[in-house]
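**Student:** Have a look at this fold, sequence not included:
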Ligand SMILES: Cc1cc2nc3c(=O)[nH]c(=O)nc-3n(C[C@H](O)[C@H](O)[C@H](O)COP(=O)(O)O)c2cc1C
């Protein structure tokens, strides 16, 4: 659908920290380094959340920096191969940005890339609204990576438009990711606006990390006392050597007993349960027994079998 200039009167851009032309800046990232870790992530080296953003006039950039600071996560600027000049975003005429937004096949090239996307399980994704939608370079970005199973929390800045269909349309280009409902912010949004929004939207399931034989897993954790107890143990890291049992599960000792609420349940492939209060079992085939549910690995049957159908595994929990 073509957009009309009616959408974009100068008033609409009021309050966005200056019109594009007045605050135009050239992105300053050094492409060679791809990821610029925040001071904290440099020291911890364990971040599994990434804040990635595209920004031409730095409104989105500022909020992305707030997000990265609050989450203590790495920050990645999506740098276009061909930098957007002031003329390119002069939306009142036939500018490059308008032409791209009107062209479904447009995929502006990105100069830099994320070296290892697999280490992130959550991506906070920021962009400016261009004609009600995400800039086409955002499509180039999401289509460039395997985002399967990753949680994506989108946000945008705009003069006044809501996030609208911009994120749901972008999600169509990476349908295997878990897209959370996005949010629009004014350029004037404060650090605490961003921090509160992140706290409300990135729930606890992203705060305990599971790796199996070194590979990060996308897990939805149950909300119960047993998971709380496990999270507190995982703060210091918990490595469980698991062994295959019965042709349907991997199981191993926690090393201590934790609170349990066992019930006779049917477990599905991918389920993680507490057994007898002091062991964890993770299933690649269905089973039924008395357990306390802990969580579920969001993966296909073949991925589960690849990860679990073997003599033994190393099951590691850590807290971010
Ligand atoms: C080509 C273009 C189209 C835009 N379209 C809209 C729009 O539809 N609605 C709106 O509220 N703001 C629109 N804006 C304003 C930007 O969304 C806003 O200034 C944004 O905060 C810029 O982010 P940035 O500084 O990170 O690049 C547009 C700006 C440009 C350059």
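**Tutor:** Right, received. Where do you want to start? Everything numeric in this text was worked out from a predicted model, so none of it was measured. Numbers count the residues shown, from 1 in each chain.
**Student:** Now that residue 297 has come up, it's in contact with residue 218, right?
**Tutor:** Yes. Counting by Cβ atoms under 8 Å, residue 297 touches residue 218, with 6.9 Å between them. Where C-beta positions appear, they are placed from N, C-alpha and C, glycine not excepted.
**Student:** Does the closest residue to residue 177 other than its chain neighbours belong to a helix, a strand or coil?
**Tutor:** Nearest non-adjacent residue to residue 177, counting by Cβ to Cβ, 6 or more residues apart in numbering: residue 147, 4.0 Å away. Counting by DSSP: H, G, I helix; E, B strand; the rest coil, the backbone at residue 147 sits in coil.
**Student:** show me the contacts for residue 147.
**Tutor:** When contacts are counted by Cβ atoms under 8 Å, 6 or more residues apart in numbering, residue 147 touches 117, 123, 174, 176, 177.
**Student:** Please apply the same query to residue 193.
**Tutor:** residue 185.
**Student:** does it sit in a helix or strand, and which one?
**Tutor:** helix 191-201 (DSSP states H and E).
**Student:** Which ones among the contacts of residue 147 map onto strands?
**Tutor:** Mapping those onto strands (DSSP state E) picks out residue 123.
**Student:** which one of the contacts of residue 147 is nearest residue 92?
**Tutor:** Ranked by distance to residue 92 (Cβ to Cβ), the contacts of residue 147 are led by residue 174 at 32.0 Å.
**Student:** Quickly note the distance from the closest one to residue 105.
**Tutor:** Residue 174 sits 17 Å away from residue 105, going by Cβ to Cβ, to the nearest Å.
**Student:** Okay, buried residues for stretch 149-162 please.
**Tutor:** Neighbour counts over stretch 149-162 (16 or more other Cβ atoms under 10 Å) mark 149, 150, 151, 152, 153, 154, 155, 156, 157, 158, 159, 161 as buried.
**Student:** and the stretch 101-250 of the chain, which of its residues are near the ligand?
**Tutor:** Residues of the stretch 101-250 of the chain found near the ligand (Cβ under 6 Å from any ligand atom) are 128, 129, 130, 131, 132, 157, 158, 159, 160, 161, 187.
**Student:** My understanding was that the fifth one contacts residue 165; is that so?
**Tutor:** Translated: residue 132. Yes. With contact defined as Cβ under 8 Å, residue 132 counts as touching residue 165 (7.4 Å).
**Student:** ranges for the helices of the chain?
**Tutor:** Assigned by DSSP state H, the chain shows helices spanning 39-44, 59-71, 96-101, 136-143, 166-171, 191-201, 225-234, 301-308.
**Student:** Run through the residues that contact residue 312.
**Tutor:** 241, 242, 243, 244, 250.
**Student:** how near is it to the ligand?
**Tutor:** Per Cβ to the nearest ligand atom, to the nearest Å, residue 312 is found 49 Å from the ligand.
**Student:** Give me the pLDDT for that residue.
**Tutor:** At residue 312, the pLDDT value in this model is 97.
**Student:** Bridged to it, which residues?
**Tutor:** Residues in a beta bridge with residue 312, per DSSP bridges, are residue 243.
**Student:** How much space separates it from residue 224?
**Tutor:** Where residue 224 is concerned, residue 312 sits at a distance of 28 Å (Cβ to Cβ).
**Student:** neighbours around the nearest residue to residue 253 once chain neighbours are set aside, how many?
**Tutor:** Closest residue in space to residue 253, ignoring its immediate chain neighbours: residue 279 at 5.3 Å, by Cβ to Cβ, 6+ apart. By the measure other Cβ atoms under 10 Å, the count of residues near residue 279 is 17.
**Student:** Ok, residue 299 next?
**Tutor:** Residue 299: 21 surrounding residues under other Cβ under 10 Å.
**Student:** repeat for residue 302
**Tutor:** The burial count for residue 302: 10, using other Cβ under 10 Å.
**Student:** got it, and residue 239?
**Tutor:** By other Cβ under 10 Å, neighbour count at residue 239 equals 12.
**Student:** One more: residue 104?
**Tutor:** Residues near residue 104, counting by other Cβ under 10 Å: 9.
**Student:** Wait, residue 180 touches residue 151, no?
**Tutor:** Yes. Residue 180 is within contact range of residue 151, at 6.4 Å (criterion: Cβ under 8 Å).
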